[in-house]
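Q: Can you look at this prediction? I've put the sequence above it.
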Amino acid sequence: MTSRYKRALVTGGAGFIGSHLARALLAEGLEVVVLDDLSLGKRSNLPKGTQFIEGNICDPVPVSRALEGVDIVFHNAARVSVRASISQYVEDAQVNVFGTLSLLRALVGTRVSKFVLASSMAVYSDSETPVPIDEGFSQRPLSPYGTGKLAAELYALQICAAHGIDVVPLRYFNTYGPGQAFTAYVGVVTIFATKLLRGEQPTIFGDGLQVRDFVSVHDIVQGNLRAMHSDVTGQVFNIGSGIGVSVQEICQLLIAKIAPDISPLYAAAQPGETRNSIANIELARQRLDYQPTRSFERDVDEVIEALAAS
Ligand SMILES: NC(=O)c1ccc[n+]([C@@H]2O[C@H](COP(=O)([O-])OP(=O)(O)OC[C@H]3O[C@@H](n4cnc5c(N)ncnc54)[C@H](O)[C@@H]3O)[C@@H](O)[C@H]2O)c1
């Protein structure tokens, strides 16, 4: 599909999701500029052909340089750890709330006509039962990270509407795929697989029966591209697989693939993490024509190979 946009800014484009998105935008024929402070992202993630600006989204100088000639922004830069946000709530808000506000202020009055925001399933309250939740489900976040993401959504909706900029916040669910940096906090698939590849026992927090919606990074990219091509504005969308899988099942699948002799450790459930988190994706299906095409069983080998090679 030909894009009506010519030049995209991907903040956080040296990170996991942003680098996959940058690659897909280049393949669609857009010029792509990436702004990233490399706090977690890596230069080596940047696809060939991107213009890279190293800088912080809170700093107006690199932000205004990055916005030169840009007509669409995909805002993915963030501090991404739910667990770290419990103690580092100021640092979390500095980037995820104030960084988003600085970016919004900088793009008003430029050629930018669409703002696609990476939000999160962490904006929702806990769901008592493992049923898919839609965009209207109660929003009482369990963590400062979720609170910041919800605030960023609301600010983006208000500020963009006030200045005639189309805005689409996308609530990503648990995203897996090649290229996610290993840290102790983020990405259960990457954490479990990395530990198993090292011959170490993975740790399951709680009883392992908590259910998550594991969505491929390729489907997350598809959601962003659909948001770009669509005329919808002012609407928030869940972007997930629509299918719930328990953390224990994911762990067992990875154990069977990587190290059948290793068994998991169990530790106390972590504060700030939901019991059940499954996306109802009907709205995105209907209004964005979003259709997840991947499955964990199909993609798991790709993820393991990428981690083994890294
Ligand atoms: N991975 C998931 O499961 C998931 C789920 C829901 C939402 N999200 C959201 O998706 C987006 C991308 O996440 P990801 O998983 O690719 O994480 P990531 O850490 O790989 O990517 C985030 C990027 O932002 C950069 N960054 C952080 N602070 C910055 C700052 N102040 N200025 C400039 N760059 C900065 C980092 O260096 C990194 O490259 C984030 O907004 C995250 O909150 C991710």
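A: Cool, the structure landed.

Q: Which positions in the chain make contact with the ligand?
A: 12, 14-18, 36-41, 56-58, 76-80, 95, 99, 118, 120, 172, 174-175, 181, 187 (CB under 6 Å from any ligand atom). C-beta here means a position set from N, CA and C on the backbone, and glycine is covered the same way.

Q: Among these, which lie within helices?
A: Phe16, Ile17, Gly18 (DSSP state H).

Q: those helices in the protein, which residues are they?
A: 16-27, 60-66, 82-87, 89-93, 100-107, 144-162, 188-197, 217-229, 247-258, 282-288, 296-309.

Q: Can you lay out these as JSON lines showing mean neighbour count?
A: Formatted as JSON lines, those follow (neighbours: other CB atoms under 10 Å):
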{"stretch": "helix 16-27", "mean neighbour count": "23"}
{"stretch": "helix 60-66", "mean neighbour count": "16"}
{"stretch": "helix 82-87", "mean neighbour count": "19"}
{"stretch": "helix 89-93", "mean neighbour count": "16"}
{"stretch": "helix 100-107", "mean neighbour count": "20"}
{"stretch": "helix 144-162", "mean neighbour count": "21"}
{"stretch": "helix 188-197", "mean neighbour count": "22"}
{"stretch": "helix 217-229", "mean neighbour count": "23"}
{"stretch": "helix 247-258", "mean neighbour count": "19"}
{"stretch": "helix 282-288", "mean neighbour count": "18"}
{"stretch": "helix 296-309", "mean neighbour count": "15"}
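
Q: Which of those comes out lowest on mean pLDDT?
A: Ranked by mean pLDDT, the helices of the chain bottom out at helix 296-309, with a mean of 89.

Q: Check which helices and strands that one sits against.
A: Packing partners of helix 296-309 (3 or more CB pairs under 8 Å, 6 or more residues apart in numbering; DSSP states H and E): strand 174-176, helix 188-197, strand 214-216, helix 247-258.

Q: hey, what's His11 bridged with?
A: In this structure residue 11 is Thr, not His. Here Thr11 sits in beta bridges with Leu35, His75, going by DSSP bridges.

Q: For it, give me its contacts.
A: Counting by CB atoms under 8 Å, 6 or more residues apart in numbering, Thr11 makes contact with Gly18, Val34, Leu35, Asp36, Ile57, Ala66, Val73, Phe74, His75, Asn76, Ala77, Leu103.
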